[in-house]
Every structure is written in C-alpha cells, then in structure tokens.
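**Student:** What would the 3D arrangement of this be:
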Amino acid sequence: MDSTIYPNRLNILIVDDEANIRRTLTIYLESANHRVIAVNNVKDALYQAEHEKFDMAFVDLRLGTDSGLELLTSLLAKCTWMKIVVITAYASIETAIDAIRRGATDYISKPFTPEQVEIAVNRIVNIQSMEQRIEILKQDLDRLHPEISFSSEHASTQRAVELARQVAISEAIVLLRGPSGTGKSVLAGAIHKWSHRANKPFGVISCPTLTQDLLESELFGHVRGAFTGALRDNPGRITHCEGGTIFLDEIGDLPISIQPKLLRFIQDKEYEQVGGQKTFKADVRIIVATNSDLAKAVNENRFREDLYYRLNVVPIDLPPLSERPNDIINLATSMLNFFGSQNHKYIKGFTDNAEYALRNYTWPGNIRELRNVIERAAIFCHSELVDIEHLPETISLNERPVTLGDQVSLETIEENHIRRVLASTKSLQEAADILGIDQATLWRKRKQYGI
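**Tutor:** Okay, here's the model as predicted:
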C-alpha cells in the first residue's frame, strides 16, 4: 500500500486471535505510516485501551471463547472517540446490524483485500476530519458570543438558575417567563446542556418571526406539494431534534390553530407533517419562553387553557435587569473582557461616570441591550477605561427623556419610542398594535436597536 494514501497518521489497535491476520494487517497499516499495536485476546485489548489513545480498532467477532461484540462495547466505554471496524469470517446481515447497533463504524468480511482495508481506514480518516471541523466550527460559534454568567447577587435570579439546574436532569417541560432580553434563550440552552440530552440537537423556533403556515411547517415538517412553494419534503425541526430539545421562544404568539397540534405532540409524542397522512413519533423535550401573561391570554381566548396547563409544569421567572442593579457592572465587565479581546484590545473596565450611567439606566432591553451597548463601547474605546463618550446618548445622559423637538435624529426618537412601548406592554402583539406595525416589522426593529 502507498504511504501517501493516508495523510493522517492513526493509532490503530488490532484484536484478532489469528496470527496471520494480525501480521498481514500490521504490514498493511504500517506501510501506510500508521502506528499499530496487535493483540490476540480480550484481556490484552482492554489493557492497551486503558494505556493508549487509539483512533480506531480492527476487532474480530470471534476471539476464542470470547465475543468480539462484547469487547466492542467495552472498548467504546473506555475510548468513546474510537472508531471500530469489525472483521469476521462468519459474516451475516444479523451480525452486521448487531455490530453497528453496538457502535461499530464499519464491517468487513474475511478474507479481505488490501483495498478493503484502505477503504475502511480512509472512511475513518474522513469521519474524524469532519468531526474535527465540526468541533472547530462550534468553538468559533462560541467565540462569537460572550458566555453569559449565571452568577448573581439577586435572590430571584439565584433561585431561577438553581431551579433550572434541578429541572434540567428531568424530562419536565420548562416555561421560562420574563421580559424580552432577560436571557431566557440563554437559560434554555443551558438547561439543554445540563441535561442528559446535551449530546443531541438543540433547536430554536421564534414563534413571532414566522407566518402561521411557515411556523407549522418549520415545527412539524411538510410533504412535497403541501402548499405553494413546497417543492421538496421538509422533515421539520422535531425530526431534526430527535433525542434532543426544542426551544419555542415567545410561545404566547403561537397561532391558535397550531396550539392543539403542539398539545397533541406534548401528550402523545405524535404528529403529522403538513399535507401528510403518516403519523410520526419523536422523543423531543420541549422548553418554551414568553414575555406575556399566558393566563391572561387564556382568559381572552388567545391561548388554549389545556395547552397552558401542560406548559406550566415548571415555570421559571427571570427578573428584568433593572431589578438587578448589583449585577449590571459584573455582567458589563464580563462582556467587556470578551469584546475587548475580540477587537484585540486590553480594556481594564469603566470610569466612575460610566459605571454610574450604566447602573442608573433602566435597561428596557435588558441583558440583550446591555450586550449591544458593551460591544459598541469596546469598538469605540481606545483607552484603558470605557467612559461616558463611549456609551449611547440615552445612557450617557442618564436616560434623559427624548421628546419631540429635541435635536436628535428620527432614528433616535423611533428607538426610544419602541423601547418605551415594549417596556409598558405585555406582549409583542400588543406593542405592534400600538405602534401600528406588524410583528415581523417589530421583530426587525428590535434586532436593529438591540432591544
């Protein structure tokens, strides 16, 4: 075999009770520049796995009186990253399925050729390369957003985080309540990470951002031809999140027509795709969030009472940032360290005037608004301390009310008006009605102004 075939050098374990097989495989693999350790029994294989980090293993199904399938399970328990190729002279569909079910990556039959070994190893190299790229992408995504600290001096916040940690290990539905920007989506992601589903997908659907038809399709999927523009099947977010968690943000804006379908899925774990007749089952945990009063929505017939009670199993309330003045500077400092590093700057902290302004601002956009303010400050600050001039005017003036006729831009007036309407209303729909715009436009304006 040509040693240029494998650009990545692997550490490979061979477990086979036939000396000729061990010798042949070793020659094949070492000629391709891989490091190989070959043993003939289960005991030695487990010993090597405890003292070495193997990228892959070739395991015979029959090892004297021992079972290669049992060894496969034990090896993966010790080396979860290992990829295992099962080899056997007693090939059958049943044994292949059993091996894959137990965690094997591939399966080849004796007698095998050098080409089959090459194909198997190349497949492992490609899988590991893909896993490394995915891990790098995850790290890059983590670096794009500051990690929100859950430490707090505020008693209500402490209780909320502790309750979230406790409920994370259960299967209970969680209802996160609080004003926009208080960190509900961040806490939902943390609950998923703290749960036994952490290695499975975490999906997010923002209910106000999609039309009724698109929201139902995004959640449950659709079949080709279900509606205009449905040119291909869409399995839906529930299918994609099998074994994991779906977070439904602003559940109070879920259309009334979709609510019974969500209720059915919560109760029976069953659903149908839009335009389809087949019933699917899925194991997906539900976490929801709202900034509106769902009980009031029930009384106004905008939200189903039975769905409300199914969602209200473990309610967790997140207080607005204005009620957590002692946390503002700690959060701001943590974000400043992140954004300073991202902009290749060393910024020590804030001047006394800047701290005073941050503490005395009402933060209608809560943590989301604070994040955007600190990111802006890190960009414009060219000294060791963030000062008043690096903060938006509404904060640097201690939130001096902007009124009609002030010498400010129309954009500033619009931003302040939207902030105040959102702060005084119970739902996005109510705010949108007052502002005379639809929810989708309001959602874009919130993103634009960091509300």
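**Student:** Any idea which residue is closest to the centre of this structure?
**Tutor:** For the chain, the residue nearest the mean C-alpha position is residue 202 (4.3 Å; Cα atoms, centre = their mean).
**Student:** contacts for the helix or strand containing residue 186?
**Tutor:** Assigned by DSSP states H and E, residue 186 falls within helix 184-194. Helix 184-194 has contacts (Cβ atoms under 8 Å, 6 or more residues apart in numbering) with 148, 150, 160-161, 164-165, 167-169, 174, 176-178, 198, 202, 204, 244-245, 247, 249, 285, 287, 289, 291, 316, 318, 367. Bear in mind the C-beta positions are built from the backbone N, C-alpha and C, glycine included.
**Student:** taking those one by one, which sit in strands?
**Tutor:** Where the contacts of helix 184-194 overlap with strands, as defined by DSSP state E, the overlap consists of 174, 176-177, 202, 204, 245, 247, 249, 285, 287, 289, 316.
**Student:** Compute the inter-axis angle for the helix holding residue 186 and strand 285-290.
**Tutor:** Angle between the axes of helix 184-194 and strand 285-290 is 160 degrees (criterion: axes from the mean of the first three to the mean of the last three Cα atoms, to 10 degrees).
**Student:** between helix 184-194 and strand 245-249, how many degrees?
**Tutor:** Put simply, helix 184-194 runs at 170 degrees to strand 245-249, going by the same axes, to 10 degrees.
**Student:** Next, the buried residues of helix 184-194.
**Tutor:** Applying a neighbour-count criterion of 16 or more other Cβ atoms under 10 Å, the buried positions in helix 184-194 are 184-192.
**Student:** can you put those in CSV and add pLDDT and distance to residue 57?
**Tutor:** Supplementary listing: these in CSV, determined by pLDDT from 0 to 100; distance: Cβ to Cβ, whole Å:
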residue, pLDDT, distance to residue 57
184, 93, 45
185, 91, 41
186, 91, 40
187, 94, 41
188, 95, 39
189, 93, 35
190, 93, 36
191, 96, 36
192, 94, 32
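**Student:** and which of those residues is nearest residue 156?
**Tutor:** residue 187 (13.2 Å; Cβ to Cβ).
**Student:** how close does that closest one sit to residue 47?
**Tutor:** The spacing between residue 187 and residue 47, counted by Cβ to Cβ, to the nearest Å, is 45 Å.
**Student:** repeat for residue 279
**Tutor:** When distances are taken as Cβ to Cβ, residue 279 and residue 47 turn out to be 50 Å apart.
**Student:** same deal with residue 85?
**Tutor:** Summarising the geometry, the distance separating residue 85 from residue 47, computed by Cβ to Cβ, is 20 Å.
**Student:** Comparing those two, which residue is more hemmed in?
**Tutor:** When neighbours are counted by other Cβ atoms under 10 Å, residue 85 and residue 47 differ, and residue 85 comes out ahead with 23 against 12.
**Student:** can I see the domain layout of the protein?
**Tutor:** Structural domains assigned to the chain are 11-140, 155-317, 321-449, following automatic domain parsing.
**Student:** Could you list the low-pLDDT ranges of this structure?
**Tutor:** Along the chain, the parts satisfying pLDDT under 70 run over 1-8, 90-93, 132, 135-149, 397-403, 423, 426, 450.
**Student:** cutoff 50 now
**Tutor:** Low-confidence segments of the chain (pLDDT under 50): 1-7, 399.
**Student:** and residue 371, how many neighbours does it have?
**Tutor:** 22.
**Student:** now swap in residue 129 and tell me
**Tutor:** Residues near residue 129, counting by other Cβ under 10 Å, number 12.
**Student:** mind checking which helix or strand it is in?
**Tutor:** In this assignment (DSSP H and E), residue 129 forms part of helix 114-144.
**Student:** which residues in the stretch 1-150 of the chain form helices?
**Tutor:** Along the stretch 1-150 of the chain, counting by DSSP state H, counting those that start in this stretch, helices occupy 19-31, 42-51, 68-78, 93-101, 114-144.
**Student:** can you list the ones you listed in CSV and add distance to residue 350?
**Tutor:** Shown next, in CSV, are the helices of the stretch 1-150 of the chain (distance: least, Cβ to Cβ, whole Å):
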stretch, distance to residue 350
helix 19-31, 59
helix 42-51, 52
helix 68-78, 50
helix 93-101, 57
helix 114-144, 23
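**Student:** And these: which comes nearest residue 395?
**Tutor:** helix 114-144 (24.1 Å).
**Student:** so which of the helices of the stretch 1-150 of the chain gets nearest residue 301?
**Tutor:** Each of the helices of the stretch 1-150 of the chain has some distance to residue 301 by Cβ to Cβ; the shortest is helix 114-144, at 40.9 Å.
**Student:** Can you tell me how far the residue nearest to residue 117 when sequence neighbours are not counted is from residue 85?
**Tutor:** Residue nearest to residue 117 in three dimensions, not counting chain neighbours: residue 28, with 5.2 Å by Cβ to Cβ, 6 or more residues apart in numbering. When distance is defined by Cβ to Cβ, residue 28 is 12 Å away from residue 85.
**Student:** can you check residue 26 too?
**Tutor:** Counting by Cβ to Cβ, the gap between residue 26 and residue 85 amounts to 15 Å.
**Student:** And residue 176, by the same measure?
**Tutor:** 45 Å.
**Student:** can you check residue 62 too?
**Tutor:** As defined by Cβ to Cβ, residue 62 lies at a distance of 15 Å from residue 85.
**Student:** Kindly report the same for residue 106.
**Tutor:** 4 Å.
**Student:** Now do the shared contacts for the two.
**Tutor:** Taking Cβ under 8 Å, 6+ apart as the contact rule, the neighbours common to residue 106 and residue 85 are 120, 124.
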